[in-house]
Structures are given as C-alpha cells and as structure tokens.
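[1] here is a sequence together with a model predicted from it:
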Amino acid sequence: MSIKSYALNNHVPIIKDEGLNLLLATIKENKAKAILELGTAIGYSAINMAKLGNDILIDTIERDPAMYAKALENVEASGLQKQIRLFFSDIKDFVPDKEYDLIFVDAAKAQYGRYLEQFYPYLQDGGCYFFDNMVFHNMIYDIDSIQNRNTRQLVKKICRFREIVQDDRRFDIIKKDDIGDGVWIVYKRSLKK
Ligand SMILES: C[S@@+](CC[C@H](N)C(=O)[O-])C[C@H]1O[C@@H](n2cnc3c(N)ncnc32)[C@H](O)[C@@H]1O
C-alpha cells in the first residue's frame, strides 16, 4: 500500500495534492537544498521532497511516537535515509544545528506565530517559510458560523497570524489561499545593507 493510501485509510493528516505540488515547485524554483519540516506525520511530504534530488536534505520533527515510528519505517523503505533526518521531539524543544533555505510549517496551526519567531534565526536571508492550512477548510471566511468553541478559537488564531505576518516588514509574502488548504509562502528579507 502506498504511503498516501495508508494515510487516507488511517486518518493520518497529510498535505493535499495541490499543496504538495506547490511545495515541490517552490523547492525547485528556489533551488532549496536544506529544508526543515515541522510536523512529519508518517513521512509522506518529507519523502516527496527528498525525491526531488539527492542533494536535498530534510530535517523533520514529530512528537507523536506512533507517527514517528511509522515515518522511520517509511523512510527506510524509501531508501532515502541519507537525505532525511527524523527528529522525535516537540517542535518547541528543537534547536537546529544549521540554517535552512525553506521551512515547511505543517504542525499545530495555533502555534504558527511562535514557529515563525523560533526558527527565524535559522532561516537564511531570501529563504522562505511555507505555511499550509492558512484558510483552514475555508473557515476563516465565516468564523461566526463555527459552532465548536475550540475550532472557533483556532480559526481566530489563524486569522490573527495572517494579519500579523502580512504587516511584518521582515517578510515578502506570496499568498495562495485558493491552493490546497491555503498556502502562504513567506520570504525572509535580507536586513543587510
Ligand atoms: C498535518 S500533519 C503533518 C503532515 C506531513 N507534513 C505530510 O504532509 O505528510 C501534522 C503533524 O504535526 C505533528 N505535531 C503537531 N504539533 C507538534 C509539535 N508541537 N511538535 C512536534 N510535532 C507536532 C502532529 O503529531 C502531526 O503528525
């Protein structure tokens, strides 16, 4: 069974096809070679990114033991273990040992603002964050009709993050709200004169 079928059958959340295609195109366009992924799940997106070329190195973080174990198994089966480093950790405790040219953010949506700041020192000038789920099943457009209180809080946080990051002069943003579950590609401006 393919990793994608396994994910669908077992309700593992993975990036949608459209989002993945845009992610891969962004990696190619930017010639990104050092990639950090926040949220491995079972390794589906990490494996797809690594397959783009054997000079692409991925560090990916997952805190769920069952997901991490399955990701290890999948990476081994893919033969890409030289390119993919899997970290079993909470993202908040992860300290990089290098800089990245692309950071794919695909973990807790309520923490996007924190992730942005935590990894800012490790993103190269001109590098980018790739944020998925920026429209959250289109719920950002109709917050008042969300019945579940926790979901409403989460969607409000996503909206707040959108406002903050788009006003942040450290970044140039490409917004693709109509792709997948909403993607923002957030480029780090060079602050050097
Ligand atoms: C949407 S899934 C990742 C999907 C994966 N990027 C893909 O497309 O194949 C999000 C994952 O992030 C993990 N996650 C959420 N919060 C986390 C945290 N604070 N630290 C580490 N992993 C976290 C979840 O356990 C989940 O497996």
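    Perfect, thanks for sending it.
[2] what parts of the chain come near the ligand?
    Selection of the chain residues close to the ligand by Cβ under 6 Å from any ligand atom yields 13-15, 37, 39, 41, 44-45, 61-64, 67, 90-91, 106-108. The way it works is simple: take the backbone N, C-alpha and C, and place the C-beta from them, glycine included.
[3] run the last query once more with 8 Å
    7, 12-15, 20, 37-46, 48, 60-64, 67, 89-92, 94, 104, 106-108, 111, 132-133 (Cβ under 8 Å from any ligand atom).
[4] relative to the ligand, how far out is residue 159?
    19 Å (Cβ to the nearest ligand atom, to the nearest Å).
[5] hang on, the earlier thing: just the buried residues of the residues of the chain next to the ligand.
    Neighbour-count burial (16 or more other Cβ atoms under 10 Å) applied to those gives 7, 12, 14-15, 20, 37-46, 48, 60-63, 67, 91, 94, 104, 106-108, 111, 132-133.
[6] against which helices or strands is the lengthiest helix in the chain packed?
    What stands out as the longest helix in the chain, according to DSSP state H, is helix 149-166. Other helices and strands packing on helix 149-166, by 3 or more Cβ pairs under 8 Å, 6 or more residues apart in numbering; DSSP states H and E, are helix 112-119, strand 171-176, strand 183-188.
[7] got the angle between the longest one and strand 183-188?
    Per axes from the mean of the first three to the mean of the last three Cα atoms, to 10 degrees, the angle that helix 112-119 makes with strand 183-188 is 30 degrees.
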